[in-house]
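Student: Okay, predicted coordinates and the sequence, questions at the end:
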Amino acid sequence: MLQDILKALGLDKQEMEIFMHLARLECVPASRIAQKTGLKRTSCYQILENMVKNNLIKRGLKYGIRYYTAATPQELVKLLEKKTEPLEEAKILLNKNLSEIEKFYRMGNSSTSIAFYEGFEEIKLVYDKILAQDDPQIYSILRKMDTTNHPLSSYWKQYLKERIKRKKKSFSLVPADQLSEKYIQANKKEHRNTIQIAPKEIPIFGDLKVSGKLVSLISQHEGRIFGVTIEDERIAKMFKGMLKVLWKHYSE
């Protein structure tokens, strides 16, 4: 129990050991403490003097020799009070000025968060972040591909189930090709709207998604699959606006 109190006062392992010996031995010279702890006399003396400065122990003289005594339990109570009072005052001050302090945290720092992902396992994190957005819509422009033997094929099935479960509707722009035709046939079942674009007009590569505050771009090339996410409300709004313009243009 005493060790817990000493730890709360900020004592390290050696200081606690010295204090415990002093509490039992009452008043002893540095040489006795060094003998008990196994510390060198010079090291022990330095630690003792530092503890004196912090009012953890007291120092006295007997026949020209320095003797040390541990602070009493009552003195430890006062030390704890001195340690906790400033913390309580700081807590009150923090709560009182919380909004102003939060503004300070944002000063000089961009609210934009950019992250890079590489490898199949990390790419799953990108899709998870899209699903986690507080937005019932996901706008995408992507190239459909044969996922039969793709390392992420099983994950994409889980992603689809989770998207449907969370009632997030997908609005997808895809190249006009055979694979996209199969993709479109499952629109209603997979809670999705899809529009085809002539590859000559927009050569689509990878998977660009926008939802909530997040923009993600994922390469689907198996040689080096990577992803980039930008989390910024203004940038996401801009990308979503562009995709909506494309959606409107190709739906007419």
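Tutor: Structure received.
Student: What is the neighbour count of the closest residue to L22 other than its chain neighbours?
Tutor: In this structure, L22 finds its nearest non-sequential neighbour in A70, 3.8 Å apart by Cβ to Cβ, 6 or more residues apart in numbering. (Each C-beta comes from the backbone N, C-alpha and C, glycine too.) Counted by other Cβ atoms under 10 Å, the residues lying close to A70 total 23.
Student: try the one 5 residues further on
Tutor: For E75, the neighbour count with other Cβ under 10 Å is 14.
Student: Verify the assumption that it is located in a helix.
Tutor: Yes: if the criterion is DSSP: H, G, I helix; E, B strand; the rest coil, then E75 is within a helix.
Student: how close does it get to Q3?
Tutor: 17 Å (Cβ to Cβ, to the nearest Å).
Student: Next: Y45.
Tutor: 23 Å.
Student: Of those two, which one has the most company?
Tutor: Y45 (18 against 13).
Student: Quick check, the more buried one in contact with R32.
Tutor: No: applying Cβ atoms under 8 Å as the test, Y45 and R32 come out as separate, 12.0 Å apart.
Student: Which pLDDT value does the model give G108?
Tutor: We note a pLDDT of 56 for G108 in this prediction.
Student: gap between E49 and V28?
Tutor: For E49, the distance to V28 - Cβ to Cβ - is 15 Å.
Student: got it, and K13?
Tutor: 20 Å.
Student: Could you do G227 as well?
Tutor: Using Cβ to Cβ, G227 is found at 66 Å from V28.
Student: And those two? Which one has more around it.
Tutor: Counting neighbours by other Cβ under 10 Å for G227 and for V28 shows that G227 has the greater number, 24 against 16.
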